[in-house]
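Student: My questions concern the predicted model and sequence given below.
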Amino acid sequence: MRYLRIPQLVHMDAEPNLQCSHLTQKSDNSDSQERQSAACSQVTVLPLIPSKSVKLRLNFQQEEHFAWDACVWDPMQIAVAFDEQVADLHGLLRVEVLHRAISDGTLRKKLSSGTYAISVAVSIRPRSCNWGAMALHEVTRMFDRVSDLLEEPQRPPHFLDATITMVLKRCKKRAAGIIRDAVLIQGGVRQYEYFKLGDVPIPQGPGNEALILPWTRKGRRARRQEEIRYVWALLAWRDPKSGHWQLSRVHGYDFDDFCIGDCDEWTTWNKVKFDSQHDYALPYQTVSRHDETFQQLQVRIEEHIAGNFFEPASGVPFLPTYTCNVYRPESYGLGVQIWPKYDIDVAVRCVNHLDYTTELKGLALPQDIRLEIEKHDTMDDIRAIIVCRLNRNDRQFGVKVNSSILFEGRHAGKWEIDLWAMPQQPGPRKLFRYWESKLTQFLSISPKVRKKDKRLYMEAHIVPRR
């Protein structure tokens, strides 16, 4: 962790509630102004600032009915290195709250008693994203580096705002009284090791055909380049409590070399018909084996994983992270000058950022939106066809879709779509804002990318209208 603000209170190797001489309180007859001055002086900022850093401005909020020391919890800012991982902010901010809690005499007594703890919620507002304030665990999941939260890393000064909301709670069970264990930051990134076993067969028939072409082509061309496949990826993962193998399916786009999908997509569509483990047909079997026991299924999954019977090409689905940096194709050696002969195929994933009010409780976005973009199609054209695809209330491959409620009631006309695109290699597997120009800026001229591969992954984010 490379951050510059180091509170001079206690070494992290020692227990935070040690009776150190510089942590002991003054006698009751000491002047209150002197105590406040001493508390403030315990927090210092080192003068050394890295050449590439972000100033993270911290604003503390507490419950009103407890006498927090206002001087100790004053707003301040810390310097964080550009290449710092966003996941490391969790530990950084926990240390900050911990040291300030030790400086707050009254609060320190309560935490040392073992009957109280501080519940901490952190929110950060990324630059140039109309997403509002986001919880720290969401920012950790969606962004990789601190510099990804900035729009123009090359143009200082750089600021990010973080709000730290703290609530003092009484513990249900008396603890040991170690202050370090009494500071709890809400939210964590759930991490499992997933294995892709194959694909679950997608229902076919009337109303279940994949919608690929947004406009009628009348058979204008035969497919002469690689296509994007919409799949239901079958995953296996261990339950951390029981140790048993579990199965789940997730929506995905298969690009042959990789697969886009959310492994943590544990939604109701995955439970209704597929609640029974036997309803999943493992690869290399034509039918499910309903007659086998749960233990037999566990053994079969174990053997399948131990034998490495996986699809080696696309691999486990993943979601690319985001970057608020302005996209410059020349920085990655990307961008083709001539429009591809057979156009550009695009797979779109929709993401909602509107508050889930009562009206949006039943919102279910379509999972398969694949477009064929022609030379004359502008960014507004792409946005328009996505909006058209959202206005539906039916079923797609047997899965309920209800996004027409965005066009009804008080939400009608109060939202818009922001487009994000992931460039081809050697560009990073990150999503950049698609602001202007043609999609050819995201295509690669590298010999490592096959000539027939003119495919892009994009996301359409539904945000409040500006």
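Tutor: The structure has been received and is ready for your questions. Numbering: from 1, shown residues only.

Student: the helices in the stretch 351-466 of the chain, which residues?
Tutor: Taking DSSP state H, counting those that start in this stretch as the criterion, the stretch 351-466 of the chain carries its helices at 379-390.

Student: what do you get for the chain?
Tutor: 32-41, 89-103, 105-112, 136-142, 294-306, 379-390 (DSSP state H).

Student: count of residues packed around residue 456?
Tutor: By other CB atoms under 10 Å, the residues close to residue 456 number 23. In short, each C-beta sits where N, CA and C put it, glycine included.

Student: where does this protein dip in pLDDT?
Tutor: Low-confidence segments of the chain, defined by pLDDT under 70: 1-51, 64-65, 173-177, 187-190, 204-224, 267-292, 308-313, 357-358.

Student: care to break it down by domain?
Tutor: When the chain is parsed with automatic domain parsing, its domains come out as 32-185, 201-227+277-466.

Student: Need those domains in TSV (columns: distance to residue 255).
Tutor: Putting the domains of the chain into TSV (distance: least, CB to CB, whole Å) gives the following:
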stretch	distance to residue 255
domain 32-185	20
domain 201-227+277-466	6
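
Student: deepest of those domains, which one?
Tutor: Among those, ranked by average contacts under mean count of other CB atoms under 10 Å, first place goes to domain 32-185 (a mean of 17).

Student: Surely residue 317 is in contact with residue 259?
Tutor: Yes - counting by CB atoms under 8 Å, residue 317 does reach residue 259; the two are 4.5 Å apart.

Student: what do those two both touch?
Tutor: 196, 233, 252 (CB atoms under 8 Å, 6 or more residues apart in numbering).

Student: which of the residues you listed lies closest to residue 73?
Tutor: residue 252 (45.7 Å; CB to CB).

Student: Please name the residues that touch the nearest residue to that closest one once chain neighbours are set aside.
Tutor: Counting by CB to CB, 6 or more residues apart in numbering, residue 252 lies nearest to residue 261, which is 3.3 Å off, once chain neighbours are set aside. The contact partners of residue 261, taken as CB under 8 Å, 6+ apart, are 233, 250-253, 317-319.

Student: who touches stretch 398-405?
Tutor: 203, 208, 269, 273, 350, 359-360, 362-367, 390-395, 411.

Student: what does stretch 159-171 give?
Tutor: Contacts of stretch 159-171 (CB under 8 Å, 6+ apart): 54-63, 66, 77, 93, 96-97, 107, 110, 114-127, 133, 146, 149-150.

Student: same thing but 7 Å
Tutor: Residues outside stretch 159-171 that contact it (CB atoms under 7 Å, 6 or more residues apart in numbering) are 54-63, 66, 93, 97, 110, 115-125, 133, 149.

Student: I would like the C-alpha coordinates for it, written out in CSV, please.
Tutor: Output in CSV follows, covering the C-alpha atoms of stretch 159-171 (Å, rounded to 0.1, in the frame of the first residue of the first chain):
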residue,chain,number,x,y,z
PHE,A,159,-9.3,14.8,-6.8
LEU,A,160,-11.7,12.1,-5.7
ASP,A,161,-14.4,12.5,-3.1
ALA,A,162,-15.1,9.8,-0.5
THR,A,163,-17.8,9.9,2.1
ILE,A,164,-17.3,7.8,5.2
THR,A,165,-20.5,7.2,7.2
MET,A,166,-20.1,5.7,10.7
VAL,A,167,-22.6,4.3,13.1
LEU,A,168,-21.8,3.2,16.6
LYS,A,169,-23.6,-0.1,17.3
ARG,A,170,-23.9,-2.2,20.5
CYS,A,171,-22.5,-5.7,20.0
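
Student: What distance do you get for residue 53 to residue 440?
Tutor: 35 Å (CB to CB, to the nearest Å).

Student: ditto for residue 90
Tutor: Taking CB to CB, one finds residue 90 at 39 Å from residue 440.

Student: How about residue 317?
Tutor: 27 Å.

Student: ok, now residue 152?
Tutor: 24 Å.

Student: ok, now residue 253?
Tutor: Counting by CB to CB, the gap from residue 253 to residue 440 is 20 Å.

Student: One more: residue 320?
Tutor: Counting by CB to CB - residue 320 and residue 440 are separated by 20 Å.

Student: before we move on, what about residue 454?
Tutor: From residue 454 to residue 440 the distance is 9 Å (CB to CB).

Student: now residue 420
Tutor: Distance of residue 420 to residue 440, given as CB to CB: 17 Å.

Student: And for residue 181?
Tutor: Residue 181 sits at a distance of 55 Å from residue 440 (criterion: CB to CB).

Student: beta partners for residue 351?
Tutor: residue 461 (DSSP bridges).

Student: how close does it get to residue 165?
Tutor: As judged by CB to CB, residue 351 and residue 165 stand 25 Å apart.
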